[in-house]
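Engineer: show me the folded form of this:
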Amino acid sequence: MLSRRDVLAWSLGAGLFGLSACAGAHHPSEPAPATKPLRAQPTPCPRVRDCPAAVDRMLVREYPRAPAAATFEITPQAALIWAYAPEPTTARIEIWTKLAAQEVDEGGAEHGSGTSSPGGSVLRNERIATHYIKLLERTGRTGALDVTGLEPGRQYRYRLHFGNGRATGWYTFRTAPLADSDAPVHFVVGADISNDPRYGAAHYGPGESKPGILDRMSATGADFFVSLGDWPYTDIAIRDTEVAEYRSSHRVARLETKVTRLLKAMPVYAIYDDHELRDNWDETFRIEEPERFRAGLAVWDEFFPLRGAAADPLTRRRYRTVQWGKHVQLFILDTRRYRSPYRAVDGPDKTMLGAEQKRWLRRALRSSRASFKIVLTSVPLAFGTTKDHWSAYAVERDALLDYVRDRRIRGVVFITADQHWFAAHHHPGGIREFQVGPLAAFVRTPGPEQPEQVVVRAPVRNYGEIIVTPGPIPRLVFTARDRDGTLIYAEVVEPS
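Structural biologist: Predicted coordinates for the structure are as follows:
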């Protein structure tokens, strides 16, 4: 494993990150967000029930009224296909094994059935299944279908057809390899996709044609995207409290053009943080505002479906593990639903994870045979600007890190978010933490202090890219890039 000195020498020598270029809170080519009030005009209808026309508005900007889809929770044999339509309807899903370059255009018009290989033979596309999914008003015209019987490690494409003759473009995904497969793994990770039009899902600005950060991610060819929360923001410009309001915020953020392009390019694993429901929420939220709590969770579940989840959003378990071949196992934590208030005095009874999730995580880490155990937590382990993260739960955090070190669990890497700047942290015992985001939200400037464990900080919009390669010694290569695709930081990790 590279030492901190090795990483710094390599990074500085190769010019991987220039902190002088990152001194401000905003990208040098990007104007600072406006300081005027977020609403262009005061609204006489602060609540949905008083003004139904405001249901599908966010900051006086409407979402595109077009059907959409996304792919979630990929396994070796299955994929959850999510769909949305502007009006109640039934969608027909066509699933193909492969898409020839000349077969369709973006609007879904057919042009042929195959393409020639270099040897002259025709590579046929095979439509393997047709499914139907109802998009009902009571679920916000969204729905999800668990497509099973797929083959491991194979690429699939699909599109949706609607009764009015409309069709989506093509969406693509690759199923996960089997648990004993020696396949490489490639994924991207980020957080913070705002429904605030000032950020426009990482558009450069009105009238500009340059690709944004989500387009950079789409072009990586990654197997999947992991979202670590704050997608969308429902509690800042407009304070959502009801189902219709939460749905409106989700639609605005989900149906952005560049978000749609990302979702067409790869499947998603996601977990919420706080802004999808309420700023800095914890387990007391369900007691203080039970109706709002239920509404926020129910709508998140509509837009981010999980396989086999309980019907009641209040009892649904959202933390989970995902195996992707023999070298990668993801541990996606829920750091909101079970946590104690962060202002409580720290001690053995204060918890971020809750007793059940904590036992599950310890058992799963110890039993995992994956080369790399990647723990995904929506808040950082340390060194943030607020107390709404693991630093306020230091007793539980330190016990978890000690558990990993004392039992010599190899290859544990933490990927975190929430602070709105990139950072790399080297914790005692060789544990690595990479903090990512924001993707399409404001950038925050970290404090002037930089403890020894903080290797680098960069206050720019960013995403993480992880490539795990097999071999006698498997290697994980982490890179962080800004919205121009410029390399901010890189590090190689070995499971030792």
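Engineer: where's the closest residue to Arg141 other than its chain neighbours relative to Arg174, distance?
Structural biologist: The shortest distance from Arg141 to any non-neighbouring residue, by Cβ to Cβ, 6 or more residues apart in numbering, is to Leu135 (4.6 Å). C-beta: built from backbone N, CA, C; applies to glycine. As defined by Cβ to Cβ, to the nearest Å, Leu135 lies at a distance of 26 Å from Arg174.
Engineer: and for Arg405?
Structural biologist: Distance from Arg405 to Arg174, counting by Cβ to Cβ: 35 Å.
Engineer: between those two, which one's more packed in?
Structural biologist: Shown here are Arg405 and Arg174; by other Cβ atoms under 10 Å, Arg174 has more neighbours (21 against 15).
Engineer: got a list of what the closest residue to that one other than its chain neighbours touches?
Structural biologist: Nearest in space to Arg174, with sequence neighbours left out and distances taken as Cβ to Cβ, 6+ apart, is Gln155 at 4.7 Å. Taking Cβ atoms under 8 Å, 6 or more residues apart in numbering, we find Gln155 in contact with Thr97, Lys98, Thr172, Phe173, Arg174.
Engineer: got JSON lines for those residues, with pLDDT, secondary structure and distance to Ala237 too?
Structural biologist: Formatted as JSON lines, the contacts of Gln155 follow (pLDDT from 0 to 100; DSSP: H, G, I helix; E, B strand; the rest coil; distance: Cβ to Cβ, whole Å):
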{"residue": "Thr97", "pLDDT": "88", "secondary structure": "coil", "distance to Ala237": "44"}
{"residue": "Lys98", "pLDDT": "66", "secondary structure": "coil", "distance to Ala237": "43"}
{"residue": "Thr172", "pLDDT": "96", "secondary structure": "strand", "distance to Ala237": "33"}
{"residue": "Phe173", "pLDDT": "97", "secondary structure": "strand", "distance to Ala237": "33"}
{"residue": "Arg174", "pLDDT": "96", "secondary structure": "strand", "distance to Ala237": "37"}
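Engineer: please identify the helix or strand for Arg216.
Structural biologist: helix 213-218 (DSSP states H and E).
Engineer: after that helix, which helix or strand is next?
Structural biologist: Sequence order places strand 224-227 as the next helix or strand after helix 213-218, per DSSP H and E.
Engineer: ok so, going back, tell me the pLDDT of the residue nearest to Arg174.
Structural biologist: pLDDT recorded at Gln155 is 94.
Engineer: measure it to Met266 for me?
Structural biologist: 11 Å.
Engineer: likewise Phe442?
Structural biologist: Taking Cβ to Cβ, one finds Phe442 at 25 Å from Met266.
Engineer: the more surrounded of those two?
Structural biologist: Between Phe442 and Met266, counted using other Cβ under 10 Å, the more crowded position is Met266 (24 against 18).
Engineer: how many neighbours does Glu291 have?
Structural biologist: Neighbours around Glu291, by other Cβ under 10 Å: 11.
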